[in-house]
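In: Provide a 3D model corresponding to the input given below.
(one chain, ligands or ions: 1)
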Amino acid sequence: TPRVFSGIQPSGGLTLGNYLGAMKRFVEMQGSEFETIYCMVDLHAITVWQDPDKLRHATRELCAGFIASGLDPKQSVLFNQSQVPEHTQLAWIFNCVARMGWMQRMTQFKDKAGKNAQNASLGLFAYPALMAADILAYHATHVPVGEDQKQHLELTRDIAIKFNNDFGVEFFPITEPVIEGAATRVMSLRDGSKKMSKSDPSDMSRINLTDDAGAIAKKIRKAKTDPEPLPSEAKGLEERPEARNLVNIYAALSEQSVDDVMRDVGGQQFGTFKPMLADLAVDKLAPISTEMARLMQDTTEIDKILDDGAERARAIATPILQKTYEIVGMVGAK
Ligand code: TYM
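Out: Modelled structure (predicted):
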């Protein structure tokens, strides 16, 4: 069976962007023709400083978010990256396959490291090689992500191709990114040119998965728009990033295409459209935040799910790592 792998960083605060770009897609792929494996990537989170208590909380909360969104820990493997050592072991091999020049082209490193790149952690620079290891430790063939991860997935393919070429094997699969749907890049509610992000200083710029109904509705009501009514067709959204973002969110939440949504709401004033969107968002998202809060009341269940997931993940990754060691020429590998 084809295998799906994806991960989310437990770096505190899940947003509507994470939900529509990733988590909702994870749920859609579960129970289809795929075997689905989803990971809390705590090793990626610590490439920038994380307070240990907050990291523990964020990891459990992310797991609660997965379950509240509809992932079933029996059908999907849910686990915490650090608990499966094969990720870091394979990442070292990939550090030796990937080239400095490839890593230097990564736009996320440039954005996150900022002007003072000399002071960024070595881990932040090597981050995409660990991401390739996450995926390829399971020979995953499909990776659902938001638009911002596209370049990292191209690098994953490059690493797989170079490894296979260097050793003359057909061992690692060439992974397919799955970047689909109406909301592969959810934008800030305050600025249609910026991605919705947990690190934006303004809380009004994003919907958090922990927001209650009141907060969700208020943020949509106050979302930035231009003064024109909605255009009559999707084409008219091209030069209107804020309007386009709200329509994309509506389409993704209601599971319709943008064209279908425009057939219903084209020509409307925002005074009519925003309350519709707010109702829809509250309807779909408030139950998730309620369920997350419930799951977080006693985290022993979550910890059990993560332990069980790590064991199942290891059962897949161990033989793949052993085979990799053997291909590379490491004595002692079985
Ligand atoms: P992270 O933790 O930044 O984001 C998790 C997922 O959410 C998506 N996403 C968005 N999608 C649409 N609009 C947005 N505004 C938005 N913000 C975030 C991201 O595209 C991502 O799919 N490097 C990854 C984590 C990772 C990973 C992996 C993913 C580690 N190993 C292996 C796939 C496979 C990251 O930092 O995602």
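In: how about the residues of this structure by the ligand?
Out: Within the chain, the residues that sit near the ligand (Cβ under 6 Å from any ligand atom) are 5-9, 17-18, 21-22, 41, 44, 131, 134-135, 143, 145-146, 148-149, 152, 184-186, 195-196. From N, CA and C alone the C-beta is placed, and that goes for glycine too.
In: out of these, which are inside helices?
Out: Counting by DSSP state H, the residues of the chain next to the ligand place 17-18, 44, 131, 134-135, 152 in helices.
In: which of these tops the neighbour count?
Out: Each of those was scored for neighbours by other Cβ atoms under 10 Å, and Ile135 scores highest at 30 neighbours.
In: show me the helices in the stretch 1-150 of the chain, by range?
Out: 16-18, 24-29, 42-45, 52-69, 86-95, 100-104, 107-113, 122-136, 150-167 (DSSP state H, counting those that start in this stretch).
In: including pLDDT, could the ones in helices among the residues of the chain next to the ligand go into TSV?
Out: Below are these laid out as TSV (pLDDT from 0 to 100):
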residue	pLDDT
Gly17	98
Asn18	98
His44	98
Met131	98
Asp134	98
Ile135	98
His152	98
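In: please identify which of these is nearest to the ligand.
Out: Comparing those against the ligand with Cβ to the nearest ligand atom places Gly17 closest, at 2.5 Å.
In: that closest one is in contact with Val145, isn't it?
Out: No - assessed by Cβ atoms under 8 Å, Gly17 is found out of contact with Val145, at 11.4 Å.
In: hmm, back to that, separate out the buried members of the residues of the chain next to the ligand.
Out: Buried members of the residues of the chain next to the ligand, counted by 16 or more other Cβ atoms under 10 Å: 5-9, 17-18, 21-22, 41, 44, 131, 134-135, 143, 145-146, 148-149, 152, 184-186, 195-196.
In: can you list which of those residues are found in strands?
Out: Of the positions in those, 5-8, 143 sit in strands, assigned by DSSP state E.
In: report the beta-bridge partners for Val4.
Out: With DSSP bridges applied, Val4 shows beta-bridge pairing to Thr36, His142.
In: assess the claim that it and Ile135 are in contact.
Out: No - the pair Val4 / Ile135 is not scored as a contact, 9.8 Å apart, by Cβ under 8 Å.
In: anything in contact with each of the two?
Out: Common neighbours of Val4 and Ile135, counting by Cβ atoms under 8 Å, 6 or more residues apart in numbering, are Val143.
In: number of nearby residues for Leu136?
Out: Counted with other Cβ under 10 Å, Leu136 comes out at 26.
In: ok, it - contacts?
Out: Counting by Cβ under 8 Å, 6+ apart, Leu136 touches 90, 94, 156, 159-160, 172-173, 175, 320.
In: whichever residue of the stretch 101-250 of the chain sits closest to the ligand: what's its closest spatial neighbour, skipping adjacent residues?
Out: Minimum separation of the stretch 101-250 of the chain from the ligand (Cβ to the nearest ligand atom) falls at Gly146, amounting to 2.4 Å. Distances taken as Cβ to Cβ, 6 or more residues apart in numbering put Gly21 closest to Gly146, at 3.0 Å, once the chain neighbours are dropped.
In: now render the ones in helices among the residues of the chain next to the ligand as JSON lines, adding distance to Pro201.
Out: Output for these, formatted as JSON lines (distance: Cβ to Cβ, whole Å):
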{"residue": "Gly17", "distance to Pro201": "16"}
{"residue": "Asn18", "distance to Pro201": "18"}
{"residue": "His44", "distance to Pro201": "22"}
{"residue": "Met131", "distance to Pro201": "27"}
{"residue": "Asp134", "distance to Pro201": "30"}
{"residue": "Ile135", "distance to Pro201": "32"}
{"residue": "His152", "distance to Pro201": "25"}
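In: returning to what we had before: residue contacts, the residue of the stretch 101-250 of the chain closest to the ligand?
Out: Applying Cβ under 8 Å, 6+ apart, we find Gly146 in contact with 17-18, 21-22, 179, 184-186.
In: need phi/psi at it.
Out: When read as degrees, to the nearest 10, the backbone of Gly146 gives phi -80, psi 170.
In: that one and Thr184, how far apart?
Out: Distance of Gly146 to Thr184, given as Cβ to Cβ, to the nearest Å: 5 Å.
In: shared neighbours of these two, anything?
Out: Common neighbours of Gly146 and Thr184 (Cβ under 8 Å, 6+ apart) are Gly21.
In: count of neighbours near Leu71?
Out: Leu71: 21 surrounding residues under other Cβ under 10 Å.
In: same question for the one 5 residues further on.
Out: Using other Cβ under 10 Å, Ser76 has 24 other residues around it.
In: count of residues packed around the closest residue to it other than its chain neighbours?
Out: In space, and not counting its chain neighbours, Ser76 is closest to Thr36: 4.2 Å by Cβ to Cβ, 6+ apart. Using other Cβ under 10 Å, Thr36 has 24 other residues around it.
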